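K.L.:
sequence? don't have it. structure:
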Ligand SMILES: Cc1cc2nc3c(=O)[nH]c(=O)nc-3n(C[C@H](O)[C@H](O)[C@H](O)COP(=O)(O)OP(=O)(O)OC[C@H]3O[C@@H](n4cnc5c(N)ncnc54)[C@H](O)[C@@H]3O)c2cc1C
Ligand code: FES
Ligand code: FES
């Protein structure tokens, strides 16, 4: 049971934004997968489910995903299976089970900025933007830096420019949180390389990205690139793995992502 | 609050607290097949169908099922019994606490996937944990069930 004093099904995002910024202790209710674990008392629970924010729409240049879209709807969506080498669908596969993924939302995932997330590194590598009711369209990378805490996530916009994308993760067991996850995406001839669950938040490996610029990908280049990533990023310990282990695994995952490519 | 919904094909109005999850509400209304195991979204014991697709009732706010269709194993008696024969034949069940949730996922998979590969089956079933059986008997039972009824 969550402690929700008042429950409101809003009729617009601006109404949600207004409540969020005027009522102390109010919260947007995504799928509530994580919200329920916080044991927090919610004075006003804001439900967006009447707003039709559960659509996945393809335009000429982008794919837009409404904030209330479930992770399972993303995983099984034909448009997303046919774009980005299916990486946004693949990264869902180990998130507990289909029954949880049917409930938790992309809006809650983005708003939560979870460092363990399997989804955020992929969205970052794809150069996604977040559309907020108050602040408008911002890049996911800026959003992840912690700005716009009291805003409503309306949708995610992903440009269709990435030609080659690969997502890799390593876990102690199939549906546990990742010990580390890595994504590479090639767009307009340039690579984006993102590593998450370090266990700190996902981050781009910019030195590696610069190293890969203009290079033809061979086993040797991939090996060198992977080592650059492991050296430029910091890793930490938690119950799932040590910093040392993460650093070692990072080399293997990045190499596999680069030369194993789009599996 | 009051929530108008459909459970096993019957229109019902559930009275609940704003923050009550569906697993608790269903049990209060007598749908005792719905088990609460971890109550944190990890074990799959509380699996029901939301509009025909498996969902965790311990994570689904009752308020969210307004106007939606809920199915529990009480509404699937015949099919569930058919599947239970396969479980018994393979000695797949021990304490049986995980079985209603497991069966709801299997019956949904039968509808959603055509000729699934082993990996697809594994992925579909990954959210249903069993602390007794080690999964071998359950997997045999569901594969044989799919061969006959899939
Ligand atoms: C048991 C369990 C295991 C998990 N394992 C993994 C895993 O291995 N890998 C992984 O990537 N993820 C994992 N997750 C996280 C999951 O994928 C979701 O990211 C998470 O549950 C948040 O989504 P939600 O819809 O449940 O959001 P909620 O819990 O409803 O909300 C999360 C936060 O975001 C806010 N919020 C929600 N929607 C909006 C919005 N539209 N605008 C503004 N703010 C909003 C809420 O107020 C809250 O602060 C796990 C979750 C659970 C419950
Ligand atoms: S009781 Fe719902 S997932 Fe465990
Ligand atoms: S048979 Fe006991 S938990 Fe599965």
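P.N.:
Received it, and whenever you're ready, just let me know what you need. Everything quoted here is computed from the prediction, not taken from an experiment. Numbering: from 1, shown residues only, chains lettered A, B, ... in the order given. Ligands and ions are numbered 1, 2, ... in the order given.
K.L.:
so residue 134 is in which element?
P.N.:
No chain specified, so I'll use chain A. Under DSSP states H and E, no helix or strand contains residue A:134.
K.L.:
Wait, chain B was what I had in mind.
P.N.:
Applying DSSP H and E, one finds residue B:134 in no helix or strand.
K.L.:
For it, give me the backbone phi and psi.
P.N.:
In this entry, residue B:134 is assigned phi and psi values of phi 80, psi 10 (degrees, to the nearest 10).
K.L.:
so how far is stretch A:183-195 from its chain's centroid?
P.N.:
Put simply, stretch A:183-195 sits 15 Å off its chain's centre (Cα atoms, centre = their mean, to the nearest Å).
K.L.:
Of all the residues in it, which ones are buried?
P.N.:
Going by neighbour count (16 or more other Cβ atoms under 10 Å in any protein chain shown), the buried part of stretch A:183-195 is A:183-187, A:191-195. Heads up, the C-betas are built off the backbone N, CA and C, glycines and all.
K.L.:
what's the answer for stretch A:170-186, then?
P.N.:
Under the neighbour-count criterion of 16+ other Cβ under 10 Å, stretch A:170-186 has A:170-171, A:175, A:177-186 buried.
K.L.:
So among those, where is pLDDT lowest?
P.N.:
Looking at these by pLDDT, the weakest one is residue A:175, with 90.
K.L.:
Surely it is within a helix?
P.N.:
No: the assignment for residue A:175 (DSSP: H, G, I helix; E, B strand; the rest coil) gives coil, which keeps it out of a helix.
K.L.:
Need phi/psi at it.
P.N.:
Torsion angles at residue A:175 (phi, psi; degrees, to the nearest 10) stand at phi -110, psi 20.
K.L.:
Likewise for the one 5 residues further on?
P.N.:
For residue A:180, the backbone dihedrals (degrees, to the nearest 10) come out as phi -160, psi 150.
K.L.:
residues touching it, list them.
P.N.:
If a contact means Cβ atoms under 8 Å, 6 or more residues apart in numbering or on different chains, then residue A:180 has A:169-170, A:195-198, A:235, A:241, A:246, A:249-250, A:253 as its contacts.
K.L.:
what do you get if the cut-off is 10 Å, keeping everything else the same?
P.N.:
Residue A:180 makes contacts with A:168-171, A:195-199, A:235, A:240-241, A:245-250, A:252-254, as judged by Cβ atoms under 10 Å, 6 or more residues apart in numbering or on different chains.
K.L.:
Please see if stretch B:88-100 touches ligand 3.
P.N.:
Yes: contact between stretch B:88-100 and ligand 3 is present through B:93-98 (criterion: Cβ under 6 Å from any ligand atom).
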